[in-house]
Each structure stands twice: as C-alpha cells, then as structure tokens.
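**Student:** Predicted structure and sequence below. I'll ask about it afterward.
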Amino acid sequence: MIILVDNIVQNGSEDESEILELAFAAGYTNNYLHKIELKKYHTKHFLNEKKIDNLKILIEEKNCKKIIFSDVLRSYQIANLEELLDVEIMDKVMLVLEIFENKANTTDIKLQVEMAKLIYAKPKAGARLSEAVMKERVGFGAGGEQVGSVMISDIQNRIKSIEKKINEIKKQSIINEIIEIPKIPIVGYYSAGKSTLFNILTSDERETSKDAFTTMVLKTGRCEVTGYPIDIIDTVGLVSLPNNVMSAFDLMLNKIFSFNGIISCINISKSEKFSEIQINDFLKYVEKFNIEGNVRVLFILTKVDLVDEMTIKNVKENIHNLEVFDDYEIIVSRSDRSDDIRKNFIRAFESLFEDNLTEFYYQNLQPSIASKLHNIARVDEQIWNNDGTTSMSGIGPTNLLEKIKGEFI
C-alpha cells in the first residue's frame, strides 16, 4: 500500500486529486489518498508533529512502504521524514520523473530524464552527507561521510557525461533547421487534451488517453484545414518543475518554445485554482525558453463542457489580465464539435499571423505552377484560360509564395 499525501491548499481542489492521477500513470494502483490542509510548512520535517503522528498511525494501519507527497519537498525534509517514518518518501517531482523514465522511448528523452533525476538527487545526497557528518561528531565514525562524498562526486561526473551527449544531439536540433512551412506546437499540462486537438487539426488518429503523459516524443502532423500547410507539433505534457530540474530538458523544451507561435491548451475542468497554475507554469516556461520574445499565443480552453459559463468567463479574464502577450487569441474548445474547432482555429491563426500571410492574384500560370500553388496556399478562385493557362487568387504563407513566385516571374 502506498499513501498519497494530497495538500488540497496547494492544489486548490478538494474533489480532484492530481497526485492520484500521477500515481496511476506511474503504475501505482494500490493507493490510499490522505488529504491534508497545509498552509505553512515545517522547516525541518515539512509536516508538523501532529500530522506526522497521524501518518505513523496510517503507516501501521495500511502496512505502508512508501509515501508520495503532492508538494515539492526540500531534500533534507525528505531525508528527515524517511528517518522519522522509516518508509520511502517521494515528492511530486520524483514521481513525475519516474513517469518520464518509464515512458521515455528515445535516446534524447532518456538522457534528459536521467540528467533531471541526477540534478534532483544531488541535494538529497548532500543531505545524507550532512547527516553522516553529524553522526560522526557523536561517535558514529566517518564511513557514511566517505560514502556521501563519493556519491556526490559520482553524480557530478555522470551529469557532465550526459551534458556532453546532449550537446552532440543539439547539433542536429530542429532549431538549426531552415523552417519553410509554418510550425506551431501544442503545449499544456498532461491530460489537457493536446493529442485530441492534434488529431482534430491533422485528421490523425493518435492515441489519446485519460492517463498522464501519453505523449513522450514530439510528433509533427500536417494541418491543412486552413487550405495551406501548417505543421502542428504534439508535445510532452508540461508540469510544474523546479528551475534546475527544468533545465535538464533544455533540448526538448528549446525545440518547443523556439517558434514564434504556440497553442496553449488549458484544462479548466478541475478548478479555477488549477487553471491559474497551468497558466502561470506556461508563462514560466515561455520566459525561460522563448529567448526571442514576442511569442504569439493561441489559448485553447479545453473540457469546457464540465464547467459553467462563469468559470469560462473567469479563466478568460485571468488570461486578459496577464498583460504579457501582445498578440493572443482565446478559443473555447468542445471536443465533440470538431468542425467548430477547425473554423475557430482558422480565424484565430489568420488573425495572429496576418503579417506572415499574403493574399495573391496570379494570372496566366502554367499548370505545373498552378499545381505547386495548390500545395502551399488556399486557392479561393481559379479560372482556366483558352490557352491552357490559369488565373488564381487566394492566401498563403508569405515565404512560400515568394519562393514559388520566383519560378514564373
């Protein structure tokens, strides 16, 4: 049995449990959910004495071998709790990294997960070392200190080795590619409906699931609902991570946030507090990884059929009040109305990227050029001439139109 300690003050919901969802994604099915209200953390043990005593009783009752917290704990708090309770302690970050490790299926993702785990483990090893030093001072010997020092040194060496491998992969990064067809990634928390939206926009049948982190590899699909090609990128679910751990995923996150346009899915079905958490974490990722600035954002509110109109209105107002993005649009997405989603996407995309699109009218085109034009633009009108040439008008990405224009002018 595993005890899941869910701090409802932190998560903002007494009904929905994020930690339970994450535990299932990690393969933990025999769980006991223990909800607490924790507004103030105990510096040394994270929990106060009364809550620790309650946990001791639960551990014995449930024959518990592991406790997972919904909060992010400091390394010394984990070490102190393990000593007091005599069970393994995990926090939210450790659980998320375990999920990533279980689901990682490419070399670059595996390397980034390993580095994140090492970065997060290093302070814990330091806490163990400090504990060993204290024991030595009261007559326990120096063996623990030596082991702790070796552990920290080993972690540092492994981090350096992985950094070298990741830097080699970065040389072939998508950031360094010449981008012609417009690309826009879908980002958002796990289970925010990203893969469902990806399927609607690309007419794909990608696996969707209620489980967290069904997508662990970036996948690109061609979207042609606008009439011209756009590459939509389905991405790994975002989650709140400490900055140092987040940095381990630079290779993946730099790819995602390097584009000047992003679709941000916000799951508003749980609570307004959780919606705020998603929005704030998205901002944190943008600030850290979008070094160019001036990103254009298409916010898509998902799972709106589970909330009332007032909740939708409040989330919209929260986005408007950010005053961070100069260019953004908001779409309310109902997954059972695919046609409406596509129409709203076209409207929002063409509003956000108006300066990257060009309306055209070309006369007397050869059929070969007309065929190419159909592949890169939306043709709204086409008239064939008696001499076999054609005249066409429509709209398409400026850079692609300029490229093909050079072939007949």
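**Tutor:** Received it, and whenever you're ready, just let me know what you need.
**Student:** just the strands in this protein please.
**Tutor:** Secondary structure of the chain, counting by DSSP state E: strands at 2-7, 31-36, 66-69, 88-90, 183-188, 219-223, 230-234, 261-267, 296-302, 328-332, 357-365, 378-384, 390-397.
**Student:** quick one: strands adjacent to the longest one?
**Tutor:** Strand 357-365 has the following sheet partners, assigned by DSSP bridges: strand 390-397 (antiparallel).
**Student:** Just list whatever residues bridge to Cys265.
**Tutor:** Counting by DSSP bridges, Cys265 is bridged to Gly188, Ile300.
**Student:** And it, how far from Phe353?
**Tutor:** As defined by Cβ to Cβ, to the nearest Å, Cys265 lies at a distance of 19 Å from Phe353. For the C-beta atoms, the positions are set from N, CA and C on the backbone; glycine is no exception.
**Student:** Of the strands of the chain, which shows the lowest average pLDDT?
**Tutor:** Between the strands of the chain, the one with the least mean pLDDT is strand 219-223; it has a mean of 86.
**Student:** Now that strand: buried residues?
**Tutor:** Of the residues in strand 219-223, those scored as buried under the neighbour-count criterion (16 or more other Cβ atoms under 10 Å) are 221, 223.
**Student:** Any idea how far it is from the middle of the chain?
**Tutor:** Centroid displacement of strand 219-223 relative to its chain, using Cα atoms, centre = their mean, to the nearest Å, is 17 Å.
**Student:** Equivalent analysis for stretch 367-376, please.
**Tutor:** Relative to its chain's centre, stretch 367-376 lies at 37 Å (Cα atoms, centre = their mean).
**Student:** Just the mean pLDDT for that stretch, thanks.
**Tutor:** The predicted confidence, averaged over stretch 367-376, sits at 91.
**Student:** right, so of the strands of the chain, which gets closest to Asp108?
**Tutor:** Each of the strands of the chain was scored for nearness to Asp108 using Cβ to Cβ, and the closest is strand 219-223 (14.1 Å).
**Student:** That closest one pairs with which strands?
**Tutor:** Here strand 219-223 has these sheet partners by DSSP bridges: strand 230-234 (antiparallel).
**Student:** Can you list the neighbours in contact with the strand it pairs with?
**Tutor:** 181-186, 194-195, 198, 201-202, 206, 215, 218-224, 256, 263, 349 (Cβ atoms under 8 Å, 6 or more residues apart in numbering).
**Student:** Repeat the analysis, applying 6 Å as the threshold.
**Tutor:** Outside strand 230-234, the residues that touch it by Cβ atoms under 6 Å, 6 or more residues apart in numbering are 181-183, 185-186, 194-195, 198, 201-202, 215, 218-221, 223.
**Student:** circling back: looking at Cys265 and Phe353, which is more packed in?
**Tutor:** Neighbours per residue (other Cβ atoms under 10 Å) separate Cys265 from Phe353, with Cys265 holding more: 29 against 20.
**Student:** Hmm, that one is touching Ala192, no?
**Tutor:** Yes: between Cys265 and Ala192 there is a contact at 4.2 Å, judged by Cβ atoms under 6 Å.
**Student:** overlap in contacts of the two?
**Tutor:** Shared contacts of Cys265 and Ala192, defined by Cβ under 6 Å, 6+ apart, comprise Thr302.
**Student:** which stretches of the protein have low pLDDT?
**Tutor:** In the predicted model of the chain, residues 10-16, 124-150, 170-179, 205-217, 290-293, 335, 409 satisfy pLDDT under 70.
**Student:** can you list the domains in it?
**Tutor:** Recorded structural domains for the chain (assignment: automatic domain parsing) are 2-99, 104-170, 180-352, 356-405.
**Student:** Start and end of the last one, how far apart?
**Tutor:** The one in question is domain 356-405. End-to-end span of domain 356-405 (Cα to Cα, to the nearest Å): 16 Å.
**Student:** same check, this time on the first one
**Tutor:** From its first residue to its last, domain 2-99 covers 16 Å (Cα to Cα).
**Student:** residues near Leu357, how many?
**Tutor:** For Leu357, the number of neighbouring residues by other Cβ under 10 Å comes to 19.
**Student:** check contacts around it.
**Tutor:** With contacts taken as Cβ under 6 Å, 6+ apart, Leu357 has the following neighbours: Ile395.
**Student:** can you pull the buried residues of stretch 323-333?
**Tutor:** 325, 327-333.
**Student:** first to last residue in stretch 375-393, what's the distance?
**Tutor:** From its first residue to its last, stretch 375-393 covers 14 Å (Cα to Cα).
**Student:** so how far is it from its chain's centroid?
**Tutor:** Between the mean C-alpha location of stretch 375-393 and the chain-wide mean there is a distance of 42 Å, by Cα atoms, centre = their mean.
**Student:** same question, stretch 348-364
**Tutor:** Its chain's average C-alpha position is 31 Å from that of stretch 348-364, according to Cα atoms, centre = their mean.
**Student:** what's the answer for stretch 77-86, then?
**Tutor:** 31 Å.
**Student:** List of residues touching it?
**Tutor:** Applying Cβ under 6 Å, 6+ apart, the external contacts of stretch 77-86 come out as 44-46, 89, 127.
**Student:** circling back to that earlier point, can you add distance to Phe24 and give the strands of the chain back as CSV?
**Tutor:** Rendered in CSV, the data for the strands of the chain read as follows (distance: least, Cβ to Cβ, whole Å):
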stretch, distance to Phe24
strand 2-7, 10
strand 31-36, 8
strand 66-69, 12
strand 88-90, 15
strand 183-188, 19
strand 219-223, 23
strand 230-234, 22
strand 261-267, 17
strand 296-302, 20
strand 328-332, 28
strand 357-365, 43
strand 378-384, 43
strand 390-397, 42
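**Student:** tell me the contacts of Val307?
**Tutor:** For Val307, the contacting residues are Ile268, taking Cβ under 6 Å, 6+ apart as the criterion.
**Student:** Kindly apply the preceding question to Ile331 instead.
**Tutor:** Applying Cβ under 6 Å, 6+ apart to Ile331 gives the contacts 300, 344, 348.
**Student:** Let's see that with 7 Å instead.
**Tutor:** Taking Cβ atoms under 7 Å, 6 or more residues apart in numbering as the definition of contact, the neighbours of Ile331 are 298, 300, 344-345, 348.
**Student:** I'd like the distance from it to Thr302, if you could.
**Tutor:** Here the criterion is Cβ to Cβ. By it, Ile331 lies 10 Å from Thr302.
**Student:** The residue positioned nearest the centre of the chain and Ser338, how far apart?
**Tutor:** A centroid search over the chain (Cα atoms, centre = their mean) returns Leu238, at 2.0 Å, as the residue closest to the centre. In this structure, Leu238 and Ser338 are 24 Å apart, going by Cβ to Cβ.
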